[in-house]
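Chemist: sequence first, then the predicted structure, then my questions.
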Amino acid sequence: MSNLILLLLISINFVASQQMFRNPILDRNSADPTILRLGDFYYLTLSENTERNLTVYKSSLLTSFREAESIVAYSTLEGFSDLWASEMHVVDGDLYIYFTMTGGGKDHRMYVIKADDPTNPMGNWSDSIRLMPDWDFAAIDGTIFNHGNGRRYFVFATWAFGPLTIYIAPMNSPTQVGFPKIELKRPTEEWECYEGCVKEGPFFIFKNNVSFCVYSVSSTWGPNYALAMMNISYELDPMTVSNWQMPDGPIFYRNDEEEVYTTGHAAFTVSPDGSETWMVYHGTTTTTNIEGHRIARIEKIDWSEDGRPIFPRPHGYNHSQAVPSGQVV
Ligand SMILES: *[C@@H]1O[C@H](CO)[C@@H](O)[C@H](O)[C@H]1NC(C)=O
Ligand SMILES: *[C@@H]1O[C@H](CO)[C@@H](O)[C@H](O)[C@H]1NC(C)=O
Ligand SMILES: *[C@@H]1O[C@H](CO)[C@@H](O)[C@H](O)[C@H]1NC(C)=O
Ligand SMILES: *[C@@H]1O[C@H](CO)[C@@H](O)[C@H](O)[C@H]1NC(C)=O
Ligand SMILES: *[C@@H]1O[C@H](CO)[C@@H](O)[C@H](O)[C@H]1NC(C)=O
């Protein structure tokens with residue numbers, strides 16, 4: 001009897017110790033991560049070292065992609081390069097991956113591929129379709145924005161008309177972006193301009209009829225790369241810049257005490273049971289030597305009573321956190 005209790009206590013303790021995890025979620029360069037939950041799995045895409053292949057990683061755990069199965073969904077044609085920041089989205093029941101690449105005499109244009117089977121990201125994908133062929137300027141970091149007004153927009157970043165900043169345009173279909181293309185305010189504040197003025201990497205979350213756009217500010221290659229957030233109510237038109245509430249500072253930034261820097265390029269997903277919001281982003285462990293050392297991490301995002309996302313401080317590698325709700329190891 002006492003042996004049984006002892007065994008029970010040991011196994012409870014074992015289960016409890018399994019309920020924690022530590023960042024990162026991969027042990028190698030894994031910049032610009034995006035994670036989509038589909039069925040019972042998490043699918044990760046990122047900017048690969050080669051910048052030539054678009055790889056999809058499949059994991060049952062949000063907290064680790066070390067053992068993830070993977071497929072190459074797309075490889076660049078000869079002469080193409082800089083395949084960056086791919087994002088998988090379900091749009092009108094189909095599955096797409098949006099990404100940028102350079103080639104064919106064009107410097108960074110947005111492209112999209114479509115899954116043959118929308119329930120299977122590990123299956124076959126279409127050839128690439130060029131987005132915005134009628135708008136012949138550099139574009140990166142494109143994302144899908146389903147605003148509560150029932151309209152869909154494409155939000156991306158461009159350096160074509162000044163500092164790298166965020167643009168919005170209506171979408172006519174999942175593979176067709178319309179006009180006009182509107183600039184959502186340039187980076188000018190000190191906190192947007194450490195080592196270079198930048199606004200990039202937009203991604204949307206929603207609560208209580210408000211759309212929140214979380215994006216990255218300051219030099220991509222500096223330790224002060226950080227997240228900021230602008231928001232807009234569902235009843236307002238996002239194509240009018242003054243309808244957006246702009247922030248007066250970053251919401252997620254370097255944590256020197258825990259040695260986390262360059263904290264940006266976020267995307268959001270949910271815990272296995274759907275009850276929690278989780279953010280994936282990249283960070284570094286030093287203030288220099290950033291290129292090639294941006295590594296994917298996750299953090300839980302809480303919501304305030306009045307429906308605002310609350311961002312934690314970035315957790316360092318030594319900091320244990322509870323695993324996402326419903327995660328079964
Ligand atoms: C891309 O992936 C294919 C496998 O599908 C592999 O043969 C090739 O070497 C990869 N290319 C690069 C540049 O890593
Ligand atoms: C992918 O395409 C190949 C070649 O057409 C085919 O043999 C294979 O069955 C397809 N895979 C899936 C999962 O449909
Ligand atoms: C969101 O908008 C709908 C339609 O106007 C309204 O019925 C609902 O109460 C709103 N929800 C919140 C949380 O404001
Ligand atoms: C939207 O952003 C503004 C400026 O940061 C803030 O004052 C406001 O409370 C935000 N609205 C919501 C619903 O979070
Ligand atoms: C993490 O833990 C190791 C081993 O205890 C320690 O040497 C290191 O200083 C810690 N790092 C931080 C940032 O706390």
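Modeler: Nice, thanks for sending it over. Only a predicted model underlies this, so the values are computations on that prediction, with no experimental measurement involved. Numbers count the residues shown, from 1 in each chain. Ligands and ions are numbered 1, 2, ... in the order given.
Chemist: and the residue in the stretch 201-329 of the chain that ligand 5 sits nearest to, which of the three is it?
Modeler: Residue nearest to ligand 5 within the stretch 201-329 of the chain (C-beta to the nearest ligand atom): Asn318, separated by 3.7 Å. Every residue, glycine included, has its C-beta placed from N, CA and C. What DSSP: H, G, I helix; E, B strand; the rest coil gives for Asn318 is coil.
Chemist: quick one: it and Glu200, what's the gap?
Modeler: The gap separating Asn318 from Glu200 is 30 Å, by C-beta to C-beta, to the nearest Å.
Chemist: between the two, point out the one with more neighbours.
Modeler: Higher neighbour count among Asn318 and Glu200: Glu200, with 24 against 9, using other C-beta atoms under 10 Å.
Chemist: ok, the more buried one - contacts?
Modeler: By C-beta atoms under 8 Å, 6 or more residues apart in numbering, the contact set of Glu200 is 140-141, 157, 164-166, 215-216, 220, 265.
Chemist: what of Cys213?
Modeler: 145, 155, 166, 184, 202-204, 229-232, 244.
Chemist: tell me what it is bridged to.
Modeler: Phe204, Met230 (DSSP bridges).
Chemist: okay, now the nearest residue to Gly79 once chain neighbours are set aside: neighbour count?
Modeler: Setting aside the residues directly before and after it, Gly79 is nearest to Gly103 in space (C-beta to C-beta, 6 or more residues apart in numbering), at 5.2 Å. Applying other C-beta under 10 Å, we find 17 other residues in the vicinity of Gly103.
Chemist: likewise the one 4 residues further on?
Modeler: Using other C-beta under 10 Å, the number of residues around Asp107 comes to 13.
Chemist: same thing with Met88?
Modeler: Neighbours of Met88 (other C-beta under 10 Å): 23.
Chemist: so it bridges to which residues?
Modeler: Ile97.
Chemist: I'd assumed Val112 was in contact with it.
Modeler: No: Met88 lies out of contact with Val112 (C-beta atoms under 8 Å); the separation is 10.6 Å.
Chemist: quick check: neighbours shared by those two?
Modeler: Common neighbours of Met88 and Val112 (C-beta under 8 Å, 6+ apart) are 96-97.
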